[in-house]
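Participant: Attaching a predicted model along with its sequence, questions to come.
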Amino acid sequence: MRWIRYTLNGETGYGMLDDNDRVTAVRGDPFGGYDTTATRLDLADVKLEVPVVPPTFYCVGLNYVKHIGTEGLAIPKKPDVGYRANNALIAHGEDVIMPADANRVHYEGELVVVIGKKAKHVDIGEAAQCILGYTIGNDVSERNWQASDRTFWRSKNTDTFKPMGPWIAAGIDLPAMETAVSVNGRETTRFRTGEMLFGIEEFISAMSRYITLYPGDILWMGTDGSSPDLRHGDRVDVTLTGLGTLSNRFVKAGEPRG
């Protein structure tokens, strides 16, 4: 099952998307409970929104060896978690706006874990029960700012720098999954999604010792490889096996949108 969050006629809600791209509207949401309705919609007739606006936006900074190498950093010895800002979230199909003084903007294709159940002091073996599903994220970064801003406040959290979507899928086959990123239709990055330093369940368990995870919280699981410098007009597609494709255009502030 795939969950979408969508807007139609000025109203935003949740729906369940079938394999024929038909949406069953629901009352409520997948986190607090819902009832199905008789309303059926075509996916093409609604505007996709980010699939969840999280209570807390967590991220994994360094979780793939190749990416750590490209950044010239040491390999972590334990799970390390950071935060991102909701103001940066945009949906599939929306534009990433690169500020006029942003010069080294990079993509980072990531698997996103969506928490479905409150979690505190969870063992690794129980962590999967706390997951509602998965979606796709593009952790956009401005590398010059990242080197100079101690907290990454703008390099990672500038408005529109966190595309996420297009939907939440209830299950994945992580060992078989690949992450592929293309720029303007040309593949530039591919890696096995499951080849993480620390796994999803390990992160959830470690976090829950100190932090209560709530339904709707999200955890971005990091990326591998490296990105070219993105230019005005570039389209970046992030595809994860079994999850679909997150697509967004990159637009330089002050340049014509076209």
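Facilitator: Now that the structure is in, tell me what you want to look at. Here the structure is a predicted model, which means the values were calculated and not measured.
Participant: State the three-state secondary structure for Ile172.
Facilitator: coil (DSSP: H, G, I helix; E, B strand; the rest coil).
Participant: what sits against it?
Facilitator: Leu111, Tyr134, Leu240, Thr241, Gly242, Leu243 (C-beta atoms under 8 Å, 6 or more residues apart in numbering). C-beta here means a position set from N, CA and C on the backbone, and glycine is covered the same way.
Participant: Pretty sure the fourth one sits against Ala169.
Facilitator: What it means is Thr241. No: the criterion here is C-beta atoms under 8 Å, and Thr241 misses it with Ala169 at 10.7 Å.
Participant: coming back round to it: of the contacts of Ile172, which is the most crowded?
Facilitator: With neighbours taken as other C-beta atoms under 10 Å, the top of the contacts of Ile172 is Leu111, carrying 26 neighbours.
Participant: now the host helix or strand of that residue: how far from the chain's centre is it?
Facilitator: According to DSSP states H and E, Leu111 maps onto strand 109-115. Distance, stretch centre to chain centre, for strand 109-115: 5 Å (C-alpha atoms, centre = their mean, to the nearest Å).
Participant: picking up where we left off before, looking at the contacts of Ile172, spot the one nearest Phe152.
Facilitator: Leu111 (20.2 Å; C-beta to C-beta).
Participant: What's the local residue count around the nearest residue to Leu8 once chain neighbours are set aside?
Facilitator: Of all residues not flanking Leu8 in the chain, Val46 sits nearest, at 4.8 Å (C-beta to C-beta, 6 or more residues apart in numbering). Neighbourhood size, Val46 [other C-beta under 10 Å]: 20.
Participant: so Val46 touches Arg5, yeah?
Facilitator: No: Val46 lies out of contact with Arg5 (C-beta under 8 Å); the separation is 9.8 Å.
Participant: could you pull out the helices for the stretch 101-250 of the chain?
Facilitator: Applying DSSP state H, counting those that start in this stretch to the stretch 101-250 of the chain gives helices spanning 143-148, 200-208.
Participant: Just the C-alpha atoms of the last one, please, in PDB.
Facilitator: Translated: helix 200-208. Extracted in PDB, the C-alpha atoms of helix 200-208 (Å, rounded to 0.1, in the frame of the first residue of the first chain):
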ATOM      1  CA  ILE A 200      17.700   1.300  10.300                       C
ATOM      2  CA  GLU A 201      16.800  -0.800  13.300                       C
ATOM      3  CA  GLU A 202      20.100   0.000  15.000                       C
ATOM      4  CA  PHE A 203      19.500   3.700  14.600                       C
ATOM      5  CA  ILE A 204      15.900   3.500  15.900                       C
ATOM      6  CA  SER A 205      17.000   1.500  18.900                       C
ATOM      7  CA  ALA A 206      20.000   3.800  19.700                       C
ATOM      8  CA  MET A 207      17.800   6.900  19.400                       C
ATOM      9  CA  SER A 208      15.000   5.600  21.500                       C
END
